[in-house]
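Peer 1: Got a sequence here, can you model it:
(one chain, ligands or ions: 1)
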Amino acid sequence: MGKIIDCKTLSQKIKDDVKERVDKLKEKGINPKLTVLTNPDDEPSKAYVRNKKRVCEEVGIEFEEIPFNRNIEYKKLLQVANANNPVVVQLPINKDVDTEVTWEVINDYYCCPERDVDGFFKDAFVKPATAKGVMKIFDYINYDLEGKHVCIVGRGKTCAKPLVQMLLDKNATVTVCHSHTQNLEEVTIECDVIISCVGKPHLITKEHIWWGSVVINVGLSVNPETGKLNGDVDFAACKDKAEYITKNTGGVGLLTTACLAENVVELYERRL
Ligand code: NAP
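Peer 2: Here you go, the predicted model:
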């Protein structure tokens, strides 16, 4: 059986380091804070926001949650816009406020590099948290990416696209698959590492991987019948064939929130 990558311990190491850095900032009179504009009508994002809040509280980052729908007061929005702490605009944005004007305000006030904690916008100071978390896995398991063939399944901007550059920087050979890729398993089976960032349950089966590969699950989807989270990777089937594998829940998600907290600290440290 392959080794299950212990994302819980890795996320704890990241949080311990972040907490130390938060304490140092506080000694200098700086109180790091994260504001999240949430969509009060989107069920899945409620869980993501809850996790961000929990991690921020654990490491001593002040957490502010602002429900962002048509009921939000203009005064409050302006107050957030004029503050200068890092901001997350939790997607999907509420449909009542998803207008061109809203996006202009977001782009003008929130998406400056000093506040862009997701690292999504041009000239961002920090790297997107999920991709950063995935890269930390390779250090943690002591896996040298140099010359390895990595397949990223998915080309979304939250994780897959940023990963391409990060993996190239480590001298990996990178193949990107997407919904138009034909015979996905013929591509993935050739690769040393498979990172699935799609959101389709059991897209990656044991037929998609070769013995001894590293299999990382990023994609998550909610089963509409049970309400439970599913991963892209058929964990039960793949765990015996992979050398290293992440769990679907209690896996990369833990690293995303820990790295988001790390990004908050990085943005504050840059200001010193
Ligand atoms: P996205 O922008 O919708 O990207 C999904 C990608 O999957 C697209 O590039 C799409 O291809 C590709 N795809 C769809 N069906 C496919 C198939 N049958 N075979 C191969 N590729 C296929 O979503 P995202 O924002 O990147 O997020 C991806 C997943 O990661 C979601 O499930 C999200 O919930 C999850 N996620 C998890 C974490 C975490 O912390 N664990 C963090 C962020 C995101 P096309 O481009 O051709 O449409």
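Peer 1: Centroid-wise, who is the farthest residue in the chain?
Peer 2: residue 75 (30.8 Å; CA atoms, centre = their mean).
Peer 1: That one belongs to a helix, doesn't it?
Peer 2: Yes - assessed with DSSP: H, G, I helix; E, B strand; the rest coil, residue 75 lies in a helix.
Peer 1: So residue 250 sits against residue 6, correct?
Peer 2: No - taking contacts as CB atoms under 8 Å, residue 250 lies outside contact range of residue 6: 9.6 Å. Backbone N, C-alpha and C define where each C-beta goes, glycine included.
Peer 1: Looking at those two, which is more packed in?
Peer 2: The neighbour comparison of residue 250 against residue 6 (other CB atoms under 10 Å) goes to residue 6, with 17 against 13.
Peer 1: And that one, how far from residue 166?
Peer 2: 21 Å (CB to CB, to the nearest Å).
Peer 1: so what's residue 175 up against?
Peer 2: 149, 150, 151, 152, 187, 191 (CB atoms under 8 Å, 6 or more residues apart in numbering).
Peer 1: What about the residues you listed, which are in helices?
Peer 2: residue 187 (DSSP state H).
Peer 1: which of the contacts of residue 175 lies closest to residue 51?
Peer 2: Nearest to residue 51 among the contacts of residue 175 is residue 152, at 23.7 Å by CB to CB.
Peer 1: The closest one contacts residue 163, doesn't it?
Peer 2: Yes - with contact defined as CB under 8 Å, residue 152 counts as touching residue 163 (5.6 Å).
Peer 1: hey, what's in contact with both of the two?
Peer 2: 195, 197.
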